[in-house]
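Colleague: Got a predicted structure here, sequence first:
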Amino acid sequence: MKKKVEFYGGMFGLFVPFLVLFIGIMWLALTGKALPMAFWVPTLLGLLVALILAKDTKECAETIISGMADEMVAIMLMAWFLAGIIAQLLKITGLIQGLIWLGVSLGVSGAFFPVITFVIGALVSTATGTAIGSVIALGPVLYPVGVALGANGPAMIGAIVCGAYFGDNIAPVSDTTIASAYTQGTEVANVVKSRLKYAFISAGISIVLFIIFGGGGEVSSEGLAALGDVSPNALIMVLVPALLIFLMFKGSNLIVALMSSGTFGIILALVFGLMEIGQILIINMDAFSVSGLIVDGIMGLIDIAVFAFLLMGLVGLLDKGGLLEFIIEKSAKFTKTPRSAELTVIVIAIILNVLTVASTIVIIMMGPLTRKMLNKHKITPDRRANILDATSAGVMCLIPFAFGPLLAYMFAGDSSFSIIETIPYMFHGWLLVIIMIASSITGWGRTYMDDEEYEEELKEMN
């Protein structure tokens, strides 16, 4: 049995550091100062409180470092830095201006651009199975074009994030789809087929809401002039995000796909004269400064990278702090009926997603617990998997400090609104959660195993 990290005050002591983090982030959000770099302070304060409340400070510190050193953290940071370089490349070569020229030429403007963005994001994420990868591929390109063509800025962020999590929820190759299926002992094809109704209803209503609330900006000659040379010269650079999407679609590792696309993009920009080789690295010894494509691209995402690094150290305490065992013990009395059992799973999934901002980890952590809670009511494996996955995908759109919304906000680089102002526009996220709660209350979509299936699964679980 693994040794637990114990805190003064028991389980409440474990939650206090997270409470400190949430209070700090919400204060920043409510005062309009919810920027990723500002999140460093409440996160560090939460780590300090954890060390103060830990009965064994050394063990607590080692657990924090272990969380920071997790392979997932390294992959995230590397992917974000490479994505930052690609975003900077597309910016300095003028692809955004080229796409704006195309949008103006085609007459696409206002509220229709968030709808187009949501649909493109849904298609890309369904094809690739990665929400974060879809935000990385589409955020730097579509956001500035949409805003320049009269779309509402926060609605554009919502469309990018919601489109990304649409596919994360239903794609057969998505890690959350696979995790939700196999933790419940069923096939991926079964869960995908049965969850389409929830996803499509949510997406359909979302499209209507994006049409209603997605506009509000203006396309003015002065605004377009401020963007520089709005011409089709750099449209060739659209091959860079196209290559990235293609490589992800083919199942390439995200790091490999980003590195390949970035290298291809730099070569393409040099060949077509859209960038000079000296722009890749600029070293000014007089000012003792370094800039250029690579440095500026990485520095553009350093805010969220440091926040993620610190946050994952705090998240590392949850597992070794005995959170899952505590939840199992306390939730037993709330699972007397199919309705109450499903609602309990939804509530726990929401809480854990808020604490960890990592839906795949939550699904894996909750898999055995969900199977145990809902199996006793003979609820089918695909229904159990759908509750886990749809709830997690929806909630990940709604957490202002989750990595999907934060990445999209960082790529936007728009200081005219706070990230908290984007949350009301996460229509698909809100609707997924609402639909799953309503489905659990009414029983819509709930299916049951027959006696033979139930007995067979009992044997597997035992």
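Modeller: Looks like it came in fine.
Colleague: Confirm T186 sits in a helix?
Modeller: No: read with DSSP: H, G, I helix; E, B strand; the rest coil, T186 is coil and lies in no helix.
Colleague: burial count for it?
Modeller: The number of residues packed near T186 is 19, by other C-beta atoms under 10 Å. All C-beta atoms are positioned from the backbone trio N, CA, C, and that covers glycine.
Colleague: Which residue lies closest in space to it, excluding its sequence neighbours?
Modeller: In space, T186 comes closest to P381 once its chain neighbours are excluded; the distance is 3.7 Å by C-beta to C-beta, 6 or more residues apart in numbering.
Colleague: likewise I363?
Modeller: Looking at I363 with C-beta to C-beta, 6+ apart, the closest residue is A179, at 4.5 Å.
Colleague: Hmm, that neighbour is touching A358, no?
Modeller: No: the criterion here is C-beta atoms under 8 Å, and A179 misses it with A358 at 11.2 Å.
Colleague: returning to that earlier point: what's the separation between the residue nearest to I363 and V135?
Modeller: 20 Å (C-beta to C-beta, to the nearest Å).
Colleague: next one: E453
Modeller: 39 Å.
Colleague: so M426 sits right up against G404, yeah?
Modeller: No: here M426 does not reach G404: they are 9.5 Å apart, not a contact under C-beta under 8 Å.
Colleague: okay, and the common contacts of the two?
Modeller: 161, 397 (C-beta atoms under 8 Å, 6 or more residues apart in numbering).
Colleague: ok, L431 - how many residues close by?
Modeller: If we define neighbours as other C-beta under 10 Å, then L431 has 23 of them.
Colleague: Name the secondary structure element that contains it.
Modeller: helix 427-442 (DSSP states H and E).
Colleague: Could you list the low-pLDDT ranges of the protein?
Modeller: 1-2, 216-230, 462 (pLDDT under 70).
Colleague: Quick check: can you list the domain ranges of it?
Modeller: With domains defined by automatic domain parsing, the chain comprises 11-70+305-461, 72-299.
Colleague: As a markdown table, those with distance to K3 would be great.
Modeller: A markdown table is the format used below for the domains of the chain (distance: least, C-beta to C-beta, whole Å):
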| stretch | distance to K3 |
| --- | --- |
| domain 11-70+305-461 | 8 |
| domain 72-299 | 23 |
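Colleague: With K4 as the reference, name the closest of those.
Modeller: domain 11-70+305-461 (4.6 Å; C-beta to C-beta).
Colleague: Which residue ranges of the stretch 51-200 of the chain form helices?
Modeller: With DSSP state H, counting those that start in this stretch as the criterion, the stretch 51-200 of the chain has helices at 57-68, 71-93, 95-106, 112-128, 131-148, 153-170, 175-183, 188-213.
Colleague: the more surrounded of E453 and V135?
Modeller: V135 (28 against 13).
Colleague: Now do whatever helix or strand P17 lives in: distance to the chain's middle.
Modeller: Per DSSP H and E, P17 falls inside helix 11-30. On the basis of C-alpha atoms, centre = their mean, to the nearest Å, helix 11-30 sits 20 Å off its chain's mean C-alpha point.
Colleague: again with stretch 308-322
Modeller: 18 Å.
Colleague: What residues of that stretch count as buried?
Modeller: Residues of stretch 308-322 classed as buried by neighbour count (16 or more other C-beta atoms under 10 Å): 308-322.
Colleague: and which of those is nearest G367?
Modeller: Distances from G367 to these, taken by C-beta to C-beta, are shortest for D319, at 14.0 Å.
Colleague: With adjacent residues omitted, what lies nearest to the closest one?
Modeller: M365 (7.6 Å).
Colleague: neighbours around the one you found, how many?
Modeller: With neighbours defined by other C-beta under 10 Å, the count for M365 comes to 22.
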